[in-house]
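**Q** need a structure here:
(2 chains)
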Number of protein chains: 2
Amino acid sequence: MGRPLSRRQLLAGTGLASVGLAAAATVGGVAAGAAGAAGSTIGGGQSVPFTGPHQAGIATVAQDQLAFATYDVTAAGADGLAGLLATWTAAARQLVTGRPLDGSTDPAAPAADTGEAAGLGPSRLTLTVGFGPGLFDDRFGLAGRRPAALADLPAFAGDQLDPAASGGDLCVQACADDAQVAFHAVHNLTRLALGSATLRSLQLGFGRTSSTSSDQSTPRNLLGFKDGTDNLLAQDTAGFDHFVWVGDDTDQPWMVGGTYLVARRIRARIEQWDRTPLADQEAVIGRSKASGAPLGGTHEHDPVDLDALGTGGYPVIPAGAHIRQAAPSTNGGQRILRRGYSFSDGLDPVTGELDVGLFFLCFQRDPRTQFVPIQRQLASSDSLTQYVVHTASALFACPPGLGNDDDWGTALLGDGRAY
Amino acid sequence: MGRPLSRRQLLAGTGLASVGLAAAATVGGVAAGAAGAAGSTIGGGQSVPFTGPHQAGIATVAQDQLAFATYDVTAAGADGLAGLLATWTAAARQLVTGRPLDGSTDPAAPAADTGEAAGLGPSRLTLTVGFGPGLFDDRFGLAGRRPAALADLPAFAGDQLDPAASGGDLCVQACADDAQVAFHAVHNLTRLALGSATLRSLQLGFGRTSSTSSDQSTPRNLLGFKDGTDNLLAQDTAGFDHFVWVGDDTDQPWMVGGTYLVARRIRARIEQWDRTPLADQEAVIGRSKASGAPLGGTHEHDPVDLDALGTGGYPVIPAGAHIRQAAPSTNGGQRILRRGYSFSDGLDPVTGELDVGLFFLCFQRDPRTQFVPIQRQLASSDSLTQYVVHTASALFACPPGLGNDDDWGTALLGDGRAY
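**A** Residues are numbered from 1 along each chain as shown, chains lettered A, B, ... in the order given. This is a model prediction of the structure:
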């Protein structure tokens, strides 16, 4: 703990010395046969290519299961951090193919892979890495590489944040169609971080709450409503370029093609919600619960008419309705990519109520003009705030995608370093 | 809270008055077309018949996802308890078909169903109910109906049980191939219990750890080993009759065709396990990690030879190996049906270590001669005990299956009651 290890030491210590080469060959093979609908390599499920202009797990059609981990870096100095990120990259290239990590086969040593995902196949596993604001303090000499858009989030009205579950120097978003595959990936990256970073939080999620592709039907969140009807869709490349991917106008060229992730653990006051009459729930959301249609409409994808007036001259979609307050037209035209998951973490030990809700994940090119003002609007005016409380919050800069020869360390720290 | 409600009052209060009739028709229809591979009614996934000689969710081919809830009954008196169980039965008949609960469509009232599983289909949902020892105290006049086999579990060496997560008057095991479907079922049964019972614990699990059918490949637990190679299989009806289903020799005829469920939350000291050399892990389990073959064998299903001696005259399968200590031949020929799930509940707030492991569920005809002596043997002699700690424990009597006209209340309390 705290003693910096070289990349070579790290790899030797984990039995992963051979991962780099083996993974490069594997990824090449998978990617070659994986344009469009990715091909499966082992067992059930398809693989998602690791390389590309953007990280996988953002525009990727949302998978069913989430394991989201944050870490505090304990390595001292940039070389230690770079070594960790190089190790993670090599491991991630291998993990997304569905094959166990290569490495030691010496029975007298710990195995390179913990083994619980053997035979489960890639299951569309994606691993998306982000860098928290704290990484740009004085520990790693990165103050000059901090993007202006990675500005600490302000406090929002109603926040009840648990500091231990918030923040973090690094995050790994593991998404897969199999929960054990997602867990296994985080488990093994955590193990590889030994001596360089410690796990800060781990959140499991299920049942993607947002449709991110026009091929997917819109799933429901734990409030019982369809969630993501008007989300950005992967097919909308122009929308992604405009709202999600960092462009050339950034102050940090290393972030071009990247994006910013805001994670919020939003607990639902589900017992109160469940006791709310159906019409009131629909007024809070602004949609029919059964069909997902906007109030005043008939079908889910009917246009949302925020100006329509009904009986007595009141708006058909109420003033405080969630879809009004979150609408682009209420927020200067801004949109974000939502990619959240439901969570159920047992009972609140104090109240005995269900500790359930939405682990909200959203991606955008600049939180200062997207998540922050939208959330400020919601915190002040959204009727739904009566039924939810934000219990954790984190912000990360997700670098662009990698080629076959680079890694998350060079992405963050730049080329030409000594390691 | 505490005031007994009649069944009629309960149903009226929950908007479920019409469930009984609708569910009966539905279940009949599903069951009629559901011999062998059950037919799907809605969306993805198949439905599992609710009625039958045994409850579903025991011999049912294991699903991928678990939501396991326990409850404390707050209703005063047998009528209140009977009303709750009748309500639950009617709801369960409906839920396993994949259709939302029938009931109120009045927008001015809370909806009968919370809605988050709408469109997800049955997903092979099963709902299995059990009665804890506490239910047979003096609250409900049930002391005379307590089975001798429902004897409180003794303490075992090494137990570190959390009382709040242990025990319970009632349990509901919800298993499905979709996590949101399993959660939805528990969510709605909890809501229907308002005024009659409060949720005591809720545990989610994933990635069934035990094969329960010869059609399933053997999955792996979070230790990375195949788990359930020698489990009882659904095809082995003689084995189920001998080891799982309560027979005519019971002291409580209402339990004939039922079974006893022992639930143990077994946390793995996963960091220590991960640091253990492969050969040592295999010696602890007694099997090859990669193939699942017993030590000395080549293939997973090779016979386990506990008498084989290797170099130096030492047993090939070590004295403390888990498969030796858990073997029927070490335990007087006894076997149990294992049906556990992996869990990952974030971090231990004290140590920062992963709070993960196995939510162990096992079914048997008499825990006094099955789970208890087996667990006593393991606690004293199994090398695996170095790497695991039992953090919660519960015991339940699961009544037999229901026909179209009876319910869990009559199963427990007998016919001819006043409610």
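**Q** Around the residue in the stretch 1-150 of chain A that chain B sits nearest to, how many other residues sit close by?
**A** Residue of the stretch 1-150 of chain A nearest chain B, by Cβ to the nearest Cβ: A:Gly115 (2.5 Å). Any C-beta I mention is one placed from the backbone N, CA and C, and that applies to glycine too. Residues lying near A:Gly115 (other Cβ atoms under 10 Å in any protein chain shown) number 25.
**Q** what sits against it?
**A** By Cβ atoms under 8 Å, 6 or more residues apart in numbering or on different chains, A:Gly115 lies in contact with A:Pro100, B:Arg220, B:Leu223, B:Gly224, B:Phe225, B:Lys289, B:Ala290.
**Q** and the gap between the third one and chain A?
**A** Distance, B:Leu223 to chain A, by Cβ to the nearest Cβ, to the nearest Å: 7 Å.
**Q** next one: the second one
**A** In this structure, B:Arg220 lies at 5 Å from chain A, with Cβ to the nearest Cβ as the measure.
**Q** and what of the fifth one?
**A** For B:Phe225, the distance to chain A equals 7 Å [Cβ to the nearest Cβ].
**Q** May I have the phi/psi pair for A:Gln272?
**A** Torsion angles at A:Gln272 (phi, psi; degrees, to the nearest 10) stand at phi -70, psi -40.
**Q** and the closest residue to it other than its chain neighbours, how far is that from B:Asp302?
**A** Excluding the flanking residues, the one nearest A:Gln272 by Cβ to Cβ, 6 or more residues apart in numbering or on different chains is A:Tyr387, at 6.0 Å. Going from A:Tyr387 to B:Asp302 by Cβ to Cβ, to the nearest Å gives 56 Å.
**Q** Which of those two has more residues huddled nearby?
**A** A:Tyr387 (22 against 14).
**Q** How about the contacts made by that one?
**A** A:Leu223, A:Ala268, A:Arg269, A:Gln272, A:Trp273, A:Thr276, A:Val284.
**Q** Using ChimeraX, make a named selection holding only the buried ones among those.
**A** Filtering those down to the buried ones (16 or more other Cβ atoms under 10 Å in any protein chain shown) takes a single ChimeraX command:
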select /A:223,268,269,273,276,284
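**Q** now the contacts of A:Tyr387 as a markdown table including distance to B:Cys175, secondary structure and pLDDT?
**A** Output for these, formatted as a markdown table (distance: Cβ to Cβ, whole Å; DSSP: H, G, I helix; E, B strand; the rest coil; pLDDT from 0 to 100):
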| residue | distance to B:Cys175 | secondary structure | pLDDT |
| --- | --- | --- | --- |
| A:Leu223 | 24 | coil | 97 |
| A:Ala268 | 24 | strand | 98 |
| A:Arg269 | 28 | coil | 98 |
| A:Gln272 | 29 | helix | 97 |
| A:Trp273 | 26 | helix | 98 |
| A:Thr276 | 30 | coil | 97 |
| A:Val284 | 33 | helix | 98 |
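**Q** Could you single out the nearest of the contacts of A:Tyr387 to chain B?
**A** Nearest member of the contacts of A:Tyr387 to chain B, counting by Cβ to the nearest Cβ, is A:Thr276, at 6.4 Å.
**Q** from what I can see the closest one touches B:Pro110, true?
**A** Yes - taking Cβ atoms under 8 Å as the definition, A:Thr276 is a contact partner of B:Pro110 at 6.4 Å.
**Q** all helices in chain A, in order from the N-terminus.
**A** Counting by DSSP state H, chain A has helices at residues A:7-14, A:19-32, A:78-95, A:179-192, A:237-243, A:270-274, A:278-285, A:322-325, A:371-381, A:408-413.
**Q** Lowest average pLDDT across these?
**A** Lowest mean pLDDT within those: helix A:19-32, a mean of 29.
**Q** where's stretch A:338-349 relative to the chain centroid, distance-wise?
**A** 14 Å (Cα atoms, centre = their mean, to the nearest Å).
**Q** do stretch A:129-143 as well
**A** 19 Å.
**Q** Outside of it itself, list whatever touches it.
**A** A:55, A:70, A:73, A:76-78, A:81, A:85, A:88, A:92, A:145-146, A:150-152, A:167-173, A:261, A:394-399, A:408, A:412-413.
**Q** State the mean pLDDT of that stretch.
**A** Rounded mean pLDDT across stretch A:129-143 is 96.
**Q** Can you list the buried residues in that stretch?
**A** A:Val129, A:Gly130, A:Phe131, A:Gly132, A:Pro133, A:Leu135, A:Phe136, A:Arg139, A:Phe140, A:Leu142.
**Q** want to throw these into TSV with distance to B:Ser383?
**A** Listed next are the buried residues of stretch A:129-143 as TSV, based on distance: Cβ to Cβ, whole Å:
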residue	distance to B:Ser383
A:Val129	37
A:Gly130	40
A:Phe131	42
A:Gly132	41
A:Pro133	46
A:Leu135	42
A:Phe136	47
A:Arg139	42
A:Phe140	43
A:Leu142	46
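**Q** Quick check, pLDDT for A:Gly103.
**A** pLDDT, A:Gly103: 85.
**Q** Which secondary structure element of chain A has the lowest mean pLDDT?
**A** helix A:19-32 (a mean of 29; mean pLDDT, DSSP states H and E).
**Q** before we move on, back to that, tell me the buried residues within the contacts of A:Gly115.
**A** Buried among the contacts of A:Gly115 (16+ other Cβ under 10 Å): A:Pro100, B:Arg220, B:Leu223, B:Gly224, B:Phe225, B:Lys289, B:Ala290.
**Q** In space, what's closest to the second one - neighbours in sequence excluded?
**A** By that I understand B:Arg220. A:Glu116 (4.9 Å).
**Q** Disregarding flanking residues, what is the spatial nearest neighbour of the closest residue to chain B within the stretch 151-300 of chain A?
**A** Distance from chain B to each residue of the stretch 151-300 of chain A (Cβ to the nearest Cβ) is smallest for A:Gly224, at 2.5 Å. Excluding its sequence neighbours, the residue lying closest to A:Gly224 (Cβ to Cβ, 6+ apart) is B:Gly115, at 2.5 Å.
**Q** what does A:Ala394 give?
**A** A:Ala263 (4.6 Å).
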